[in-house]
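1. Sequence first, predicted model second:
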Amino acid sequence: MKIGIAGYGTMGSALAARLADTGAAVSIWDRKPERRAAAPYPGHASPAELAKHCDVVISSLFDDHAVKAVYTGGSGLFTGGHGKLFIEMSTVAPATQRALAVEAGKAGAAFAECPVSGSRDPARAGQLLGLAGGSAADVERALPVLRRVCRRVEHLGPIGAGAIAKLAVNLPLLAFWQSLGEALSLIQGLGKDPAWLMDLFGDTAAAPAVLKSKSAAVAGALAGSPDQEPTFQINAMRKDLLLMLAEAESRRVPLPVARAALSAFDEAVADGQGNRDCSAMPAYWTGRAV
């Protein structure tokens, strides 16, 4: 099977490596020529060329603007997409996924959304949680590909349902990073070692799985060590919070915790922290509180 990856960033590169390990013939497109040149897979000069040379294309892009630009227009994926299957994995607004599905139909292409819970390392290991939306036929067609990268795939409903679910499952995660920073601000006066603190918090009933995988990075950031390579940047978390609040407003659902968290992420991004990994947010907040 020929599978294309549109967007060869942190997630796209991990997905490509995993798919190659499962025997897929992988090729890529990225807006940055240097990424295409450095990748160990054939690179295409435009999204349209990628689609023409693949049976299936997976997109993993930063935001709604990037997704719309890559799919539409004269050199977009849909230009070369007749008869092809597109799987859209980005964290974007439900309305964006619905609009893309309409354009896919006009192009004679199949389209399923499947944003995922999990970042680079789970993607590389095929351990993502897939949150699929789309017609039964399109999701069924996508499943053999999704099962190569996901430990579990849930079909949540029509297009847009996956996007809503992704925003919902991300909300507790984003609130956790801010709440951890606040908790550390409370306890830092005890003078305990950062690694010890992470061991303590990791042994509590409130510790999520992400803390176990990120505890060393959090401790390092608290100790002033250089950041690890980001897998989920602070500016991406802020973008997701904005999407959550916009969707909630359209449904007249109050999200007071998300709104409070956004103010903290706004501050961090304004202070130049946006490109840092999520694991640096607690250290930023404790430093700010001093």
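-> Thanks, I have it.

2. From now on I want contacts and neighbour counts done on CA atoms only, so please keep to that.
-> Fine.

3. give me the element A207 is part of.
-> Using DSSP states H and E, A207 is not contained in any helix or strand.

4. whoops, I28 was the one
-> Element membership for I28 (DSSP H and E) is strand 25-29.

5. Using CSV, list the CA coordinates for that strand.
-> The C-alpha trace of strand 25-29 is given here as CSV (Å, rounded to 0.1, in the frame of the first residue of the first chain):
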residue,chain,number,x,y,z
ALA,A,25,5.5,2.3,0.9
VAL,A,26,5.7,5.8,2.4
SER,A,27,6.2,9.1,0.7
ILE,A,28,5.9,12.6,2.1
TRP,A,29,5.2,16.3,1.5
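
6. Please work out which residues outside it touch it.
-> Defining contact as Cα atoms under 8 Å, 6 or more residues apart in numbering, one finds that strand 25-29 is touched by 1-8, 16, 19-20, 36, 41-47, 50, 54.

7. Now intersect these with the strands, please.
-> K2, I3, G4, I5, A6 (DSSP state E).

8. bridging residues for the fourth one?
-> Just to be clear, that refers to I5. Here I5 sits in beta bridges with I28, I58, going by DSSP bridges.

9. and it, how many neighbours?
-> Residues near I5, counting by other Cα atoms under 10 Å, number 28.

10. Show me the strands in the stretch 51-200 of the chain, by range?
-> Shown for the stretch 51-200 of the chain, the strands assigned by DSSP state E, counting those that start in this stretch span residues 56-59, 85-88, 110-113, 116-117, 128-132, 150-155.

11. Name every strand pairing with the second one and say which way it goes.
-> The strands beside strand 85-88 in its sheet (DSSP bridges) come out as strand 56-59 (parallel), strand 110-113 (parallel).

12. And for the shortest one?
-> According to DSSP bridges, strand 116-117 has the following sheet partners: strand 128-132 (antiparallel).

13. now the last one
-> Under the criterion DSSP bridges, strand 150-155 sits next to strand 128-132 (parallel) in its sheet.

14. list the buried ones in the strand it pairs with?
-> By neighbour count with 16 or more other Cα atoms under 10 Å, strand 128-132 contains the buried residues L128, L129, G130, L131, A132.

15. How about stretch 277-290?
-> The neighbour-count check on stretch 277-290 (16+ other Cα under 10 Å) flags D277, C278, S279, A280, M281, P282, A283, Y284, W285, T286 as buried.

16. Let's see it as PDB, backbone CA atoms only.
-> Extracted in PDB, the C-alpha atoms of stretch 277-290 (Å, rounded to 0.1, in the frame of the first residue of the first chain):
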ATOM      1  CA  ASP A 277       7.400  21.400  25.400                       C
ATOM      2  CA  CYS A 278       4.400  21.000  27.600                       C
ATOM      3  CA  SER A 279       6.700  19.600  30.300                       C
ATOM      4  CA  ALA A 280       8.200  23.100  30.700                       C
ATOM      5  CA  MET A 281       4.900  24.700  31.600                       C
ATOM      6  CA  PRO A 282       5.100  23.800  35.300                       C
ATOM      7  CA  ALA A 283       8.600  25.200  35.600                       C
ATOM      8  CA  TYR A 284       7.600  28.400  33.800                       C
ATOM      9  CA  TRP A 285       4.700  28.900  36.200                       C
ATOM     10  CA  THR A 286       6.700  28.200  39.400                       C
ATOM     11  CA  GLY A 287       9.400  30.600  38.200                       C
ATOM     12  CA  ARG A 288       6.800  33.200  37.500                       C
ATOM     13  CA  ALA A 289       5.400  32.800  40.900                       C
ATOM     14  CA  VAL A 290       8.700  33.500  42.700                       C
END
